[in-house]
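*Asks:* coords please:
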Amino acid sequence: MIESHPDSASAYYQRGILLAGDYMLPAQVHGRSEQNDVPQAIDDFNTAIDLDPSLVDAYYQLANLYFALSIDDRTAQELLEKALNLAPNNIDCLLLYADLICCEGVNAYAIEILDRVISEDPSAKHFFYKARTLMDNGEIAWNADNFVQGGNLFQAAIEIFQQVTLMEDNDLYFPEAQEYINHCQNVLSSHVCH
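*Replies:* Model (predicted):
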């Protein structure tokens, strides 16, 4: 398609999806027939952005590669910020941005972003992601011997995981939510026992 449409941002974007292979979301990899070529995929996403600076999905996929491969988290963040300037409520961009800034230790802002996602789409998936983020932050605080903050985060995670177990669209998240509730409760009870 690129050969017949060398100025098509969409053509470069589609080839980038195909070449990035395993680093694309499962919904994006259907019909993949080419070999993985991540450097070419990065070039293709950059070309797509050059040809169409409003192509939000190209910013997202390029940021996803930069983050997933630990190439450059700062550039990934900048790409997501550009995408979110174009589409402030893009759920995929918001979720990846929250994940990225959480890894950088900006946990409170990551929770704010997840709350924004939930306000746009209050699904079990998004509540589950928020609870996981709270639990992960609780683990970090707990391991730093900040038991009060860690305990509060674990308790908040338990409450949201419990909410997930009651939601209608929880099929994919129910077993893990139960497992994480038990994990958080075990961590909290182990501290009380000592």
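
*Asks:* excluding chain neighbours, what is closest to Asn64?
*Replies:* Distances taken as Cβ to Cβ, 6 or more residues apart in numbering put Leu96 closest to Asn64, at 6.1 Å, once the chain neighbours are dropped. Where you see a C-beta, it was placed from the backbone N, CA and C, and this is true even at glycine.

*Asks:* swap in Phe127?
*Replies:* Nearest to Phe127 is Val164, by Cβ to Cβ, 6+ apart, at 5.1 Å.

*Asks:* again, but for Trp142
*Replies:* Gly150 (3.4 Å).

*Asks:* repeat that for Leu79.
*Replies:* Ala63 (3.9 Å).

*Asks:* okay, now that neighbour: neighbour count?
*Replies:* Using other Cβ atoms under 10 Å, Ala63 is surrounded by 27 other residues.

*Asks:* so it touches Leu96, yeah?
*Replies:* Yes. Ala63 is within contact range of Leu96, at 6.3 Å (criterion: Cβ atoms under 8 Å).

*Asks:* so who does the residue nearest to Phe127 touch?
*Replies:* For Val164, the contact set (Cβ atoms under 8 Å, 6 or more residues apart in numbering) comprises Ala124, Phe127, Phe128, Ala131, Asn170, Tyr173, Phe174, Ala177.

*Asks:* from those residues, which shows the smallest pLDDT?
*Replies:* Lowest-confidence member of the contacts of Val164: Asn170, scoring 91 (pLDDT).

*Asks:* for Ile158, see how far away that one is.
*Replies:* 16 Å (Cβ to Cβ, to the nearest Å).

*Asks:* swap in Ser4?
*Replies:* Taking Cβ to Cβ, one finds Ser4 at 56 Å from Ile158.

*Asks:* returning to that earlier point: and the helix or strand that contains the residue nearest to Leu79, what does it pack onto?
*Replies:* Per DSSP states H and E: Ala63 is located in helix 56-68. Counting by 3 or more Cβ pairs under 8 Å, 6 or more residues apart in numbering; DSSP states H and E, the packing neighbours recorded for helix 56-68 are helix 9-20, helix 38-51, helix 73-86, helix 91-103.
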